[in-house]
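A.B. asks: Curious how this folds, go ahead:
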Amino acid sequence: MATMGMVRACAPPAAAPSTRDAAQVKRSSSRTARVLVLGGTGRVGGSAATALSKLRPDLSILVGGRNREKGESFASKLGERSEFVQVDTRNARVLEEALQGLDYLKSLSPGVDLVVHTAGPFQRAEECTVLQAAISTKTAYIDVCDDTDYSWRAKGFHEQAKSAGVPAITTAGIYPGVSNVMAAELVNAARSQNDGEPERLRFFYYTAGSGGAGPTILTTSFLLLGEDVIAYNKGEEIKLKPYSGALNIDFGKGVRKKNVYLLNLPEVKSAFKILGVPTVSARFGTYPFFWNWGMQAFANFLPVEFLRDKNKVQKLVKSVDPLVRAIDVIAGERVSMRVDLDCSNGRNTVGLFTHKKLFVSVGFATAAFALAVLEGNTQPGVWFPEEPEGIAVEARKLLLERASQGTSNFVMNKPSWMVETDPKEVGLGIYV
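C.D. replies: From the prediction side, this is the model:
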């Protein structure tokens with residue numbers, strides 16, 4: 001566990017040789033691909049494993065976690081190709097053995113083709129232990145990281161992963177993740193259609209209640225309240241107060257207008273640097289409205305030192321979790337993402353994604369990235385989702401199609417007024 005004030009740079013060590021040996025069963029295209037989902041007994045990992053089993057029933061899914069009873073029970077529900085693997089993500093040796101197909105008794109089984117790291121929270125993490133183990137054992141990797149510092153720390157292993165022939169994607173969940181790909185599609189469409197140069201990119205997110213995603217997401221949200229918000233304005237990096245700068249945003253049918261607030265989310269920095277848009281920001285809001293008031297109160301009145309202490313925040317989450325679950329029953333679990341792009345010629349385009357259950361949606365989003373890697377659509381190296389098509393994700397439209405399964409509203413590259421007003425054509429291209 002990271003403790004307050006102990007975040008440090010995670011510079012990649014010298015390239016490590018693979019620890020696989022000749023005695024181990026070799027990977028073969030003739031056998032079933034094996035995917036290890038770390039944090040598989042949690043809400044995010046469990047939903048990712050479930051989505052993978054639906055999208056690709058032929059996969060062997062290993063549920064990685066520390067609770068054997070819970071893990072074995074869940075694995076049995078996924079089907080006969082699934083099993084539980086007891087593993088602690090903080091222990092590099094145990095991780096490498098799990099990826100190699102070695103258990104504690106050193107019995108051999110086929111190695112793992114892909115590791116999906118969902119064992120958050122990623123805030124205040126000191127090391128990229130799972131990624132390093134994946135590179136060492138030449139295992140493909142994705143994570144659902146939602147922390148700016150961690151994601152760029154992971155990016156620091158790019159050359160090492162490239163040399164080892166390991167494809168890896170960081171921030172490969174729903175937001176960040178699918179939202180990054182949506183942004184890249186908007187930017188690319190604007191440039192290819194000569195719609196003016198992209199000038200401003202804004203990410204807006206909404207969940208009803210906690211989204212049903214569990215204590216880890218609550219912990220992440222509170223930890224983010226202890227971070228200055230990094231945004232970009234006309235090419236200049238600026239720092240803003242967390243959960244400030246409220247905007248009332250229309251998320252379209254099924255959600256409509258909701259207040260959203262600034263948060264320090266990793267897609268802002270990666271989109272600025274990779275997509276080259278000079279003004280970028282991200283905002284988040286929830287429901288009922290008093291949860292937003294509570295988040296503002298925490299940001300304004302709790303000491304920063306408290307909000308940056310993972311252990312204290314986890315205790316706070318434990319105390320409020322029963323109340324959150326009770327209100328979730330009333331609020332529901334709807335999630336919506338809106339990505340807005342403004343161009344120099346005054347044109348505005350929007351991507352919109354709405355699903356009635358966050359934890360189901362994040363499962364399909366994560367699974368979509370996992371399949372992109374398994375199907376060979378990711379080049380060796382560590383990538384952000386929005387990096388050029390054919391490098392991080394070769395087929396973005398296929399990824400978005402998989403990720404948007406079950407959505408109540410999914411549109412791309414539409415003018416904002418079409419999303420907000422749900423217009424009807426009365427003839428001759430005229431809408432009301």
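A.B. asks: residue contacts, A282?
C.D. replies: Counting by CB atoms under 8 Å, 6 or more residues apart in numbering, A282 makes contact with 202-205, 231, 262-263, 265, 267-268. To be clear about C-beta, it is placed using only N, CA and C from the backbone, and glycine gets the same treatment.
A.B. asks: Tell me the one among these nearest to F353.
C.D. replies: F353 lies nearest to Y205 out of the contacts of A282, by CB to CB, at 9.8 Å.
A.B. asks: Same question for the closest one, what's its three-state structure.
C.D. replies: At Y205 the chain is in strand, as set by DSSP: H, G, I helix; E, B strand; the rest coil.
A.B. asks: what does A168 give?
C.D. replies: Taking three-state DSSP, the label given to A168 is strand.
A.B. asks: what's the burial count for F359?
C.D. replies: 23 (other CB atoms under 10 Å).
A.B. asks: helices or strands up against the helix or strand encompassing it?
C.D. replies: Assessed by DSSP states H and E, F359 sits inside helix 358-374. Under the contact criterion of 3 or more CB pairs under 8 Å, 6 or more residues apart in numbering; DSSP states H and E, helix 358-374 touches helix 43-55, strand 114-117, strand 140-143, strand 167-169, strand 335-343, helix 396-403.
A.B. asks: what's the closest of the ones you listed to P322?
C.D. replies: With distances scored as CB to CB, the stretch of the helices and strands packed on helix 358-374 nearest to P322 is helix 43-55 (16.1 Å).
A.B. asks: Show me what the closest one is packed up against.
C.D. replies: By 3+ CB pairs under 8 Å, 6+ apart, helix 43-55 packs against strand 34-38, strand 60-65, helix 68-78, helix 215-224, helix 358-374.
A.B. asks: The shortest one pairs with which strands?
C.D. replies: Partner strands and pairing direction for strand 34-38 (DSSP bridges) are strand 60-65 (parallel), strand 114-117 (parallel).
A.B. asks: among those, which is the most enclosed?
C.D. replies: strand 114-117 (a mean of 28; mean count of other CB atoms under 10 Å).
A.B. asks: For D147, which of the strands paired with strand 34-38 is the nearest?
C.D. replies: Nearest to D147, of the strands paired with strand 34-38 and by CB to CB, is strand 114-117 at 12.4 Å.
A.B. asks: could you give the angle of the following helix or strand past that closest one to strand 34-38?
C.D. replies: Moving toward the C-terminus from strand 114-117, the next helix or strand (DSSP H and E) is helix 129-136. Helix 129-136 runs at 160 degrees relative to strand 34-38, counting by axes from the mean of the first three to the mean of the last three CA atoms, to 10 degrees.
A.B. asks: Can you show me the CA trace of helix 129-136 as CSV?
C.D. replies: Only the C-alpha atoms of helix 129-136 are listed here, as CSV (Å, rounded to 0.1, in the frame of the first residue of the first chain):
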residue,chain,number,x,y,z
THR,A,129,4.6,-4.1,-10.6
VAL,A,130,2.1,-5.9,-12.9
LEU,A,131,3.4,-4.2,-16.0
GLN,A,132,7.0,-5.0,-15.1
ALA,A,133,6.0,-8.7,-14.5
ALA,A,134,4.2,-8.7,-17.9
ILE,A,135,7.3,-7.4,-19.7
SER,A,136,9.6,-9.8,-17.8
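A.B. asks: Flag every buried residue along it.
C.D. replies: 129-136 (16 or more other CB atoms under 10 Å).
A.B. asks: next one: stretch 396-406
C.D. replies: For stretch 396-406, by 16+ other CB under 10 Å, it's 396, 399-400, 402-405.
A.B. asks: And stretch 300-312, by the same measure?
C.D. replies: Buried, per 16+ other CB under 10 Å, within stretch 300-312: 302, 307-310, 312.
A.B. asks: In helices, which of these appear?
C.D. replies: In helices, defined here by DSSP state H, the members of the buried residues of stretch 300-312 are 307, 310, 312.
A.B. asks: who does the residue nearest the centre of the chain bridge with?
C.D. replies: Centroid-nearest residue in the chain, with CA atoms, centre = their mean: G173, separated by 2.6 Å. G173 has these beta-bridge partners by DSSP bridges: G177.
A.B. asks: Hmm, D147 and it touching each other?
C.D. replies: No: the pair G173 / D147 is not scored as a contact, 11.8 Å apart, by CB atoms under 8 Å.
A.B. asks: Grab the nearest non-local neighbour of L225.
C.D. replies: Nearest residue to L225, sequence neighbours excluded (CB to CB, 6 or more residues apart in numbering): A299, at 4.5 Å.
A.B. asks: Just to be sure, the one you found is in a helix?
C.D. replies: Yes: using three-state DSSP, the assignment for A299 is a helix.
A.B. asks: ok, how many other residues are close to it?
C.D. replies: A299, neighbours per other CB under 10 Å, totals 22.
A.B. asks: Also L358?
C.D. replies: Neighbours of L358 (other CB under 10 Å): 26.
A.B. asks: Would you confirm that L218 contacts S319?
C.D. replies: No: using CB under 8 Å, L218 is not in contact with S319, being 10.8 Å away.
A.B. asks: who has more neighbours, those two?
C.D. replies: Remark: of L218 and S319, L218 carries more neighbours, 21 against 9, as counted by other CB under 10 Å.
A.B. asks: got the contact list for that one?
C.D. replies: Going by CB under 8 Å, 6+ apart, L218 touches 210, 317, 320-321, 324.
A.B. asks: Please report how far it lies from D143.
C.D. replies: 19 Å (CB to CB, to the nearest Å).
A.B. asks: what about the strands in the stretch 201-350 of the chain?
C.D. replies: 229-233, 236-240, 247-250, 257-262, 279-287, 335-343, 348-355 (DSSP state E, counting those that start in this stretch).
A.B. asks: right, so of those strands, which gets closest to L78?
C.D. replies: strand 348-355 (21.4 Å).
A.B. asks: What lies in contact with that closest one?
C.D. replies: Contacts of strand 348-355 (CB under 8 Å, 6+ apart): 178-179, 182-183, 185-186, 189-190, 195, 251-255, 334-343, 361, 404, 406-416, 418-419.
A.B. asks: do that again at 7 Å, thanks
C.D. replies: If you take CB atoms under 7 Å, 6 or more residues apart in numbering as the criterion, strand 348-355 is touched by 178, 182, 185-186, 190, 251-252, 254-255, 334-342, 361, 404, 406-416, 419.
A.B. asks: Kindly report the same for stretch 250-259.
C.D. replies: Residues outside stretch 250-259 that contact it (CB under 7 Å, 6+ apart) are 206, 246, 248-249, 285, 287, 292, 334, 336, 338, 352, 354, 408-409, 419-420, 422.
A.B. asks: filter the residues you listed to the buried ones?
C.D. replies: For the contacts of stretch 250-259, buried by 16+ other CB under 10 Å: 206, 249, 285, 287, 292, 334, 336, 338, 352, 354, 409, 419-420.
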